[in-house]
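In: structure, please.
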Amino acid sequence: MGDPVSADRAFLGSIPEIYDRLLVPLIFESYARDLAKRIGEPAPARILETAAGTGVLTRALVERLGSRTEITATDLNPPMLERAKKQMPRNSRVQWQQADALSLPFENSRFDLVACQFGVMFFSDRVRGYAEARRVLKRDGVFVFNVWDGISENDFAKVVTDALGELYGADPPLFLARTPHGYCDPDHIGRDLGEAGFSRIEIEAVDAVSRAASPQDAAVAYCQGTPLRAEIEGSDGAGLERATEVATEALAARFGPGPIEGRIRALVITARG
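Out: Model (predicted):
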């Protein structure tokens, strides 16, 4: 499959729609509510969100926080940002802006809080991204983000990855293990934050349950609603439909043919300068 790492940050084509329709309720919504609750105690006046994706955390923040809070929601991928904007077309409290988290177009010390939901795993230089977050924070500001724990702690992702490994043999698509679930060592995360200038760091494991209406919904979410799709389509193997079918069969064999549920675990990190 060549070197797919550079494609891991590409959310193009129909991926944003499938991601928002299937993957967001599958794994993201509960953690968005969790972050919004943490951020809202007490509510900061000015928030920057990086890697906002299709806006699940943005929507949770708007629902949770009072009208005095201003939110600037950014993402590197315009298609994801456009999908997010369509969900909240007339909300004056949210300013949408395309931006690279590694080179933020904002002045120093502008924000009370920087938030990032499951985005830092995609940063090509995490220390630089953390340093940018610290730069735009006020002196007493807070950086709050989450990452997925290892793939062995996240049932659906593990089953899909293992099934595709059997299908593709020697050159399997490993996007899920490599990127979303590939940055989960607390010591590593702490060292990166320290190198970026953060000194007070708290890391907490948070367990939740992932639910899907069917094995097929979960398989489509992962195989067609993430950059795993590009890795599958770029291979010389079975193709997207066959890969999705195999993932569906594996999920049904493990969790049953009807509505399914599995474990998910994330790490929530709070950092201060």
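
In: all contacts plus neighbour counts: C-alpha atoms, from now on.
Out: Will do.

In: show the average pLDDT along stretch 178-191.
Out: Per-residue pLDDT values over stretch 178-191 give a mean of 98.

In: all strands for the stretch 1-150 of the chain, in order.
Out: 46-50, 70-75, 94-98, 111-117, 137-148 (DSSP state E, counting those that start in this stretch).

In: specify the beta-bridge partners of residue 75.
Out: Per DSSP bridges, the residues bridged to residue 75 are residue 98.

In: could you check the pLDDT of the residue nearest to residue 82 when sequence neighbours are not counted?
Out: Nearest residue to residue 82, sequence neighbours excluded (C-alpha to C-alpha, 6 or more residues apart in numbering): residue 54, at 7.7 Å. Looking at residue 54, its pLDDT reads 95.

In: oh, and call the first residue 16 from now on, that's how I've got it
Out: Got it, first residue is 16 now, which makes that one residue 69.

In: ok, so what distance separates residue 69 from residue 254?
Out: Between residue 69 and residue 254 the computed distance is 26 Å (C-alpha to C-alpha, to the nearest Å).

In: list the contacts for residue 255?
Out: 238-239, 244, 247-248 (C-alpha atoms under 8 Å, 6 or more residues apart in numbering).

In: turn those into JSON lines, columns for pLDDT and distance to residue 41.
Out: As requested, the contacts of residue 255 are exported to JSON lines (pLDDT from 0 to 100; distance: C-alpha to C-alpha, whole Å):
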{"residue": "238", "pLDDT": "97", "distance to residue 41": "13"}
{"residue": "239", "pLDDT": "96", "distance to residue 41": "14"}
{"residue": "244", "pLDDT": "95", "distance to residue 41": "17"}
{"residue": "247", "pLDDT": "94", "distance to residue 41": "21"}
{"residue": "248", "pLDDT": "92", "distance to residue 41": "23"}
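
In: isn't the residue nearest to residue 97 up against residue 37?
Out: No. Applying C-alpha atoms under 8 Å, one finds residue 69 not in contact with residue 37, separated by 11.9 Å.

In: and the helices in this structure?
Out: 30-33, 44-54, 71-79, 93-102, 141-151, 170-183, 190-193, 201-210, 230-239, 243-248, 255-270 (DSSP state H).
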